[in-house]
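Enquirer: coords please:
(4 chains)
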There are 2 protein chains.
Amino acid sequence: MNKQNVPDVIVSRLPVYLRALQRLADAGETATSSQELGEKVGISAAQIRKDLSQFGEFGKQGTGYHIPFLIERLSQILHVDRIWDVAVVGMGDIGHAVARYNGFANRGFRVTHCFDADPAKIGKEIGGFIILDAKNLVEEVRKAEIKIAMLCVPATVAQDVADRLIEAGVRGILNYAPLKLIVPSTVRVQHIDPAIGMQRMTYYFD
Amino acid sequence: MNKQNVPDVIVSRLPVYLRALQRLADAGETATSSQELGEKVGISAAQIRKDLSQFGEFGKQGTGYHIPFLIERLSQILHVDRIWDVAVVGMGDIGHAVARYNGFANRGFRVTHCFDADPAKIGKEIGGFIILDAKNLVEEVRKAEIKIAMLCVPATVAQDVADRLIEAGVRGILNYAPLKLIVPSTVRVQHIDPAIGMQRMTYYFD
DNA sequence: TGAAACTTGTGGTGAATTGCACAAAAACGA
DNA sequence: TCGTTTTTGTGCAATTCACCACAAGTTTCA
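Expert: Predicted coordinates for the structure are as follows:
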């Protein structure tokens, strides 16, 4: 259960397990096995058992895993047994889409703040939120105690905005800008770049 | 240069190198070193040299790498020394955003076809394209010889749409639906799920 | 009841990946 | 010209990671 000892590669798989379990639960299932779960997520059964064993003994021999219980434990481990408020910065096409994204429901997140620097956009409404002036980003994010941000600004200003988010207390950034952010080791970054995903596929094409 | 022998993990880093090199080129730079590139992408210099050496000797001792040449070679290796036509299926918020995404410019891709099954959306224009009827997906995709698709439909129909894309000749799918697709080994899938990215960060939060 | 069928958690093993260190080559400067 | 600096490509070592196999616990069913 010691956080220091769990490799990143294992942590990165836990959300995948959780997502599959929630789909099973939604389908009315109450029990599963490492075998079945492995087929759903494309990971070997042995791998799943070993990953989960890092955090405790959640299964029962002969029976497998009780889905609601495993969901509860994984949610606790991943700290999504609560709702995290999220700020979206940059209200272009991507920011617009993620702000309205309904895929966060029951997964631990909700967008509560949207920012943009463009005067033409400030004050407009998107998905029930008023777009706030990016000038007040540090102040607003700090006041709302937001720890997670989605960065949807152009690459040219991404590092600057990231610095200000961190100054405001943000500890995790989902980065849609096509560059690597330089952040302190206390801050986590996840990169999302569709073009990189596509280039990882075209390599294998003729 | 043998494709079979290059591990996936190395291939997955090449687009990251390419992206950083293109940024350097845009900034007017013509030369770089594994050291400098490593700092830009957050990967050790030795790792970068070893990765590149899988495909040839692109650098020169004492000098480093000539950026335009390395961009050219990496583009060839990743098969983005051409433009791939891309189909977007599902014109919800995400599909809308990726169809209009301008981050593909100069990275080997352009959206040419948009599909949706909703009669209210069919025929409407998005980013210069008319939304086509998903009923004709197989026929249209095959006719246009499209090999890459972005899947932005709800999870409930994602597998079915993926099957039809593959039937139509698609060999790579960028999947925004929150589930693992079952595909033949000849087809590549890249998953994009913002919630999973965020849960990979909250694990490390208190 | 008892045997057969399942399934977990884990020790051991082999493979894959990363990091280190250095020879060799090129550039630079005095 | 010649020593110093820079940098690549790579053999080797160390680490990390994934997989196999099995004892032990549980359920099922005759």
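Enquirer: those helices in chain A, which residues are they?
Expert: Counting by DSSP state H, one finds helices in chain A at the ranges A:8-11, A:14-26, A:34-41, A:45-53, A:67-77, A:93-100, A:137-143, A:155-167, A:194-202.
Enquirer: For the ones you listed, please prepare JSON lines with the additional fields distance to DNA strand D, mean pLDDT and mean neighbour count.
Expert: (Glycine included, C-beta is placed from N, CA and C.) Output for the helices of chain A, formatted as JSON lines (distance: least, Cβ to the nearest atom of the strand, whole Å; pLDDT from 0 to 100; neighbours: other Cβ atoms under 10 Å in any protein chain shown):
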{"stretch": "helix A:8-11", "distance to DNA strand D": "4", "mean pLDDT": "98", "mean neighbour count": "13"}
{"stretch": "helix A:14-26", "distance to DNA strand D": "12", "mean pLDDT": "98", "mean neighbour count": "20"}
{"stretch": "helix A:34-41", "distance to DNA strand D": "9", "mean pLDDT": "98", "mean neighbour count": "18"}
{"stretch": "helix A:45-53", "distance to DNA strand D": "4", "mean pLDDT": "98", "mean neighbour count": "16"}
{"stretch": "helix A:67-77", "distance to DNA strand D": "14", "mean pLDDT": "98", "mean neighbour count": "18"}
{"stretch": "helix A:93-100", "distance to DNA strand D": "28", "mean pLDDT": "95", "mean neighbour count": "23"}
{"stretch": "helix A:137-143", "distance to DNA strand D": "32", "mean pLDDT": "98", "mean neighbour count": "17"}
{"stretch": "helix A:155-167", "distance to DNA strand D": "23", "mean pLDDT": "98", "mean neighbour count": "17"}
{"stretch": "helix A:194-202", "distance to DNA strand D": "17", "mean pLDDT": "98", "mean neighbour count": "23"}
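Enquirer: Just send those back as TSV, with distance to B:A45 too.
Expert: Formatted as TSV, the helices of chain A follow (distance: least, Cβ to Cβ, whole Å):
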stretch	distance to B:A45
helix A:8-11	21
helix A:14-26	31
helix A:34-41	35
helix A:45-53	31
helix A:67-77	35
helix A:93-100	32
helix A:137-143	35
helix A:155-167	22
helix A:194-202	21
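Enquirer: Same list, those helices, but as JSON lines with distance to DNA strand C please.
Expert: Output for the helices of chain A, formatted as JSON lines (distance: least, Cβ to the nearest atom of the strand, whole Å):
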{"stretch": "helix A:8-11", "distance to DNA strand C": "10"}
{"stretch": "helix A:14-26", "distance to DNA strand C": "12"}
{"stretch": "helix A:34-41", "distance to DNA strand C": "4"}
{"stretch": "helix A:45-53", "distance to DNA strand C": "3"}
{"stretch": "helix A:67-77", "distance to DNA strand C": "9"}
{"stretch": "helix A:93-100", "distance to DNA strand C": "28"}
{"stretch": "helix A:137-143", "distance to DNA strand C": "33"}
{"stretch": "helix A:155-167", "distance to DNA strand C": "23"}
{"stretch": "helix A:194-202", "distance to DNA strand C": "13"}
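Enquirer: Which pLDDT value belongs to whichever residue of chain A sits closest to DNA strand D?
Expert: With Cβ to the nearest atom of the strand as the measure, the residue in chain A that lies nearest DNA strand D is A:G62; the distance is 2.5 Å. You'll see A:G62 listed with a pLDDT of 96.
Enquirer: Kindly report the same for A:M1.
Expert: At A:M1, the pLDDT recorded in the model is 42.
Enquirer: and the residue lying closest to A:E72 once chain neighbours are set aside, what does it touch?
Expert: Spatial nearest neighbour of A:E72, chain neighbours left out: A:D81 (7.2 Å); criterion: Cβ to Cβ, 6 or more residues apart in numbering or on different chains. Contacts for A:D81 (Cβ atoms under 8 Å, 6 or more residues apart in numbering or on different chains) come out as A:E72, A:S75, A:G108.
Enquirer: Could I get the pLDDT score of the spatially most central residue of chain A?
Expert: Centroid check for chain A by Cα atoms, centre = their mean gives A:L174 as the closest residue, at 7.1 Å. pLDDT for A:L174: 98.
Enquirer: need the contact list for the closest residue to it other than its chain neighbours.
Expert: In this structure, A:L174 finds its nearest non-sequential neighbour in A:M150, 4.5 Å apart by Cβ to Cβ, 6+ apart. Taking Cβ under 8 Å, 6+ apart as the contact definition, A:M150 lies against A:V86, A:A87, A:V88, A:V89, A:G95, A:V98, A:V111, A:I173, A:L174, A:Y176, B:P194.
Enquirer: quick check, nearest of these to B:G103?
Expert: B:G103 lies nearest to A:Y176 out of these, by Cβ to Cβ, at 8.6 Å.
Enquirer: State the phi and psi torsions of the closest one.
Expert: Dihedral pair for A:Y176: phi -90, psi -10, per degrees, to the nearest 10.
Enquirer: That one: neighbouring residues, count only.
Expert: 27 (other Cβ atoms under 10 Å in any protein chain shown).
Enquirer: Now do it against B:Y17, distance only.
Expert: For A:Y176, the distance to B:Y17 equals 20 Å [Cβ to Cβ, to the nearest Å].
Enquirer: which residues touch the longest strand seen in chain A?
Expert: Of all the elements of type strand in chain A, the one with the most residues (DSSP state E) is strand A:109-116. Where contact means Cβ under 8 Å, 6+ apart, the residues beyond strand A:109-116 that reach it are A:80, A:83-91, A:95, A:98-99, A:101, A:104, A:122, A:126-127, A:129-134, A:137, A:140-141, A:144, A:146, A:148, A:150, B:195, B:198.
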